[in-house]
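Engineer: Okay, sequence plus prediction incoming.
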Amino acid sequence: MTTRHFLTLLDLSPSELNALIARATEMKAQLRGAGHERPFVGKVLGMIFEKSSTRTRVSFEAGMSQLGGHAMFLSPRDTQLGRGEPIEDSARVLSSMVDIIMIRTYAHQKVQAFAQHSSVPVINALTDDYHPCQLLADVQTYVENRGSIQGKTVTWVGDGNNMCHSYINAARQFDFELRIACPEGFDPNSELVAANKDRVSLFRSPIEATKGSDLVVTDVWASMGQEDEQLEREKQFAGFQVNAELMSHAHSDALYMHCLPAHRGEEISAELMDSPDTVIWQEAENRLHAQKALMELLLNS
């Protein structure tokens, strides 16, 4: 049997993704009730972190525990990966000892190489190119509040980064229109945009991109590893803040999301962050449930 991995949203079919979202919501309801089953007693999740995180670590570790298994945190200073051991060697060894592996790192090629030599499922918990686990939570949040995202209009405001790339893949897999508003020089991968030109379009005006949208999404202007560019990026992204004025151009029932952590007053206003009807905190919690559903799918495949 071929080992299945989750490196981008394209690794699952649209029907599998929709079933996963439904399962995540089911597991969420079960947990708040009598509790869901613990099918993975004795199973071990290896968590490799080259990039630090709050939500990713807590959601995967708590999720595996809730499923009955154990999660093992591994940082570069704790492993031979941090001392130059070839990725393929680490993949062969670690996958012989654990049942599933998640990796949060910089180069997407590292995750691809690791998966190629792993005998157990590998999950991309974030690379510089893609962040598919966050998209599972985002779509789950939209579905829970507004129903199917199919046929809707989604606007991305900000940098053409890993989140933006995963939203492009999501537009394809979940069948919605994606408008990307970013300053010149901060466009997403041109080949990825071209491959999805039937549903993805670029804008320089956030207002034009947001008109008639059902969902508006943003992220920090300077991602992890770009801290030295912060001041310059603040200048370049002036006018790209998601705030009440921008949301007034979207549909009246439009949602807005942020993957967190947020820089209040920069890419998103504090007013929206603290609004009583925001779904951002629900979006954050849904990382837990979506990833449990994902691990269940991969471990049962």
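Structural biologist: Yep, that arrived.

Engineer: mind checking the end-to-end distance for stretch 37-46?
Structural biologist: Chord length of stretch 37-46, first to last residue, is 21 Å (CA to CA, to the nearest Å).

Engineer: can you map out the helices along the stretch 51-200 of the chain?
Structural biologist: Along the stretch 51-200 of the chain, counting by DSSP state H, counting those that start in this stretch, helices occupy 55-66, 87-95, 108-116, 132-146, 162-174, 190-195.

Engineer: which residues sit against the third one?
Structural biologist: This points to helix 108-116. The set of residues external to helix 108-116 that reach it, using CB atoms under 8 Å, 6 or more residues apart in numbering, is 5, 7, 50, 87-88, 90-91, 101, 103, 105, 122, 124, 127-130. The way it works is simple: take the backbone N, C-alpha and C, and place the C-beta from them, glycine included.

Engineer: Make a PyMOL selection of whichever of those residues turn out to be buried.
Structural biologist: To isolate the buried members of those in PyMOL, using 16 or more other CB atoms under 10 Å:
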select buried, resi 5+7+50+87+90+91+101+103+105+122+124+127+128+129+130
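
Engineer: Save the helices of the stretch 51-200 of the chain as CSV, and put in mean pLDDT and distance to Glu26 too.
Structural biologist: Converted to CSV, the helices of the stretch 51-200 of the chain look like this (pLDDT from 0 to 100; distance: least, CB to CB, whole Å):
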stretch, mean pLDDT, distance to Glu26
helix 55-66, 98, 14
helix 87-95, 94, 29
helix 108-116, 97, 28
helix 132-146, 98, 11
helix 162-174, 98, 18
helix 190-195, 98, 32
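
Engineer: Buried residues in the lengthiest helix in the chain, which are they?
Structural biologist: In the chain, taking DSSP state H as the definition, the longest helix is helix 280-300. Residues of helix 280-300 classed as buried by neighbour count (16+ other CB under 10 Å): 280, 282-299.

Engineer: Then stretch 199-212?
Structural biologist: Judged by neighbour count (16+ other CB under 10 Å), stretch 199-212 contains these buried residues: Val200, Leu202, Phe203, Pro206, Ala209, Thr210.

Engineer: if I pick the fourth one, what's in contact with it?
Structural biologist: This points to Pro206. So Pro206 contacts Thr155, Val157, Ala181, Gly239, Phe240, Val242, Leu246 (CB under 8 Å, 6+ apart).

Engineer: Highest neighbour count among these?
Structural biologist: When neighbours are counted by other CB atoms under 10 Å, Thr155 leads the contacts of Pro206 with 29 neighbours.

Engineer: hey, what's it bridged with?
Structural biologist: Under DSSP bridges, the beta-bridge partners of Thr155 are Arg179, Val216.

Engineer: For the helix-or-strand element of the chain with minimal mean pLDDT, list every residue counted as buried.
Structural biologist: The least trusted helix or strand in the chain, going by mean pLDDT, DSSP states H and E, turns out to be helix 230-236, with a mean of 88. By neighbour count on 16+ other CB under 10 Å, the buried set for helix 230-236 is Arg233, Gln236.

Engineer: Work out the gap between the helix or strand following it and the centre of the chain.
Structural biologist: Counting by DSSP states H and E, the element after helix 230-236 in chain order, helix or strand, is helix 244-247. Here helix 244-247 is found 24 Å from its chain centre; the criterion is CA atoms, centre = their mean, to the nearest Å.

Engineer: Could you tell me the average pLDDT over helix 244-247, please?
Structural biologist: In this model, helix 244-247 has a mean pLDDT of 98.

Engineer: Convert it to CSV, retaining C-alpha atoms only.
Structural biologist: Extracted C-alpha coordinates of helix 244-247, given in CSV (Å, rounded to 0.1, in the frame of the first residue of the first chain):
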residue,chain,number,x,y,z
ALA,A,244,-14.2,48.1,8.7
GLU,A,245,-13.9,50.4,5.8
LEU,A,246,-12.5,47.7,3.5
MET,A,247,-15.1,45.2,4.7
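
Engineer: And the contacts of it?
Structural biologist: Residues outside helix 244-247 that contact it (CB under 8 Å, 6+ apart): Val157, Pro206, Ile207, Thr210, Val216, Ala254, Tyr256, Ser269, Glu271, Leu272.
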